[in-house]
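[1] Turn this into a model:
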Amino acid sequence: MSTDQITIRRLGYSDLPQVIGVERRAFPTPWSLAMFVLELSKPSSICLAAVSGEGSSRRQLVGYLICSRYADTWHLMNVAVDPPARRHGVATAMMARLLEAADADATATYTLEVRPSNREAIDLYERFGFRGAGTRPRYYQDTGEDSVLDPAHPARP
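    Predicted coordinates:
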């Protein structure tokens, strides 16, 4: 799989069955269906889908991104790529599209939380200009792991 075979588009309610599947494979504590429905219903959210395959019947969701705006800050809430599709540029393509879509206000800031043990995600975020600015102790309830809080004025790809 290459990013040439990936299409990034708006995430829709009809994608949610595939989203839930990816979510369960990607995270130890997955979001509920209700959490995705809530984010999709917010007019201020940017929700993206990464799909692969040729033809409408063979298109498969391989990743998604959820980002919500609060005042002048965008909060990157969820980025997931199906484990078999990782390390092929899917998350990078979604992040680039997010910054493109949210670029109307170039002064907006972004925040996110990430597990310190998730080195691949940290590397991705750092490529876009995010830098750790602190921690939230015991943020992840499943393991008690802290989160790294990353605010940024991301570098534009």
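[2] Please make it C-alpha for all contacts and neighbour counts, starting now.
    Noted.
[3] Can you show me the helices along the protein?
    16-26, 33-41, 90-101, 119-127 (DSSP state H).
[4] Which other helices and strands does the longest one contact?
    In terms of contact count using 3 or more CA pairs under 8 Å, 6 or more residues apart in numbering; DSSP states H and E, helix 90-101 is assigned the packing partners strand 6-10, strand 46-52, strand 60-70, strand 73-81.
[5] if we go to 10 Å?
    Identification of packing neighbours for helix 90-101 by 3 or more CA pairs under 10 Å, 6 or more residues apart in numbering; DSSP states H and E yields strand 6-10, strand 46-52, strand 60-70, strand 73-81, helix 119-127.
[6] Could you check the last one and say which residues are buried?
    I take that to be helix 119-127. Neighbour-count burial for helix 119-127 flags 121, 122, 125, 126 (criterion: 16 or more other CA atoms under 10 Å).
[7] Quick check: bridge partners of the most centrally placed residue in the chain?
    Against the mean C-alpha coordinate of the chain, by CA atoms, centre = their mean, the closest residue is residue 79 at 2.1 Å. Beta-bridge partners for residue 79, by DSSP bridges, are residue 65.
[8] contacting residues for it?
    Listed by CA atoms under 10 Å, 6 or more residues apart in numbering, the contact partners of residue 79 are 23, 26, 47-48, 63-67, 91, 94-95, 121.
[9] wait, which of the residues you listed is closest to residue 83?
    Taking CA to CA as the measure, residue 83 lies nearest residue 26 of these, at 6.3 Å.
[10] Quick check, that closest one in contact with residue 82.
    Yes: using CA atoms under 10 Å, residue 26 is in contact with residue 82, at 6.2 Å.
[11] shared neighbours of those two, anything?
    residue 63.
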